[in-house]
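Asker: got a sequence here, can you build the structure:
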Amino acid sequence: MSISREEVAHLARLSRLALTDAELERFAAQLDVIVGAVARVQEVATADVPPTSQAFGLVNVFRQDAVAAPLGAPAALAEAPAAEQGRFRVPRILAED
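Answerer: Numbers count the residues shown, from 1 in each chain. Sure thing, here's the model as predicted:
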């Protein structure tokens, strides 16, 4: 199956692309090569090959979830740069009106 210059021009019109005559010729040749490559791939005997979605089996690389005791406020505040009245102290970003 060959892609003609007229078919490329039709596709260009549908895509609202303005192509020159040289571009139409070049794209027709390139698309013809692509269609030929796809046709060769379709000729491969795949009747005995089962369909796959992954080349290798999927493996979970994450650690197992484990229930642990919560950190607790005193331990969290011990690592804070500033704490006040049992809370994190942060710079004020809004002015009081």
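Asker: I'd say Ala12 and Leu24 touch.
Answerer: Yes - the criterion here is CB atoms under 8 Å, and Ala12 meets it with Leu24 at 7.2 Å. Quick note: C-beta positions are derived from backbone N, CA and C, even for glycine.
Asker: between these two, who's got more neighbours?
Answerer: Shown here are Ala12 and Leu24; by other CB atoms under 10 Å, Leu24 has more neighbours (18 against 15).
Asker: show residues contacting the helix or strand where the more buried one lies.
Answerer: Per DSSP states H and E, Leu24 falls inside helix 21-42. With CB atoms under 8 Å, 6 or more residues apart in numbering as the test, helix 21-42 has contacts from Met1, Ser2, Ile3, Ser4, Arg5, Glu7, Val8, Ala9, Ala12, Leu19.
Asker: the third one: neighbouring residues, count only.
Answerer: Neighbourhood size, Ile3 [other CB under 10 Å]: 18.
Asker: got the contact list for it?
Answerer: So Ile3 contacts Ala28, Leu31, Asp32, Val35 (CB under 8 Å, 6+ apart).
Asker: so how do I select the buried members of the residues you listed in PyMOL?
Answerer: Of the contacts of Ile3, the buried ones can be selected in PyMOL as follows, counting by 16 or more other CB atoms under 10 Å:
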select buried, resi 28+31+32
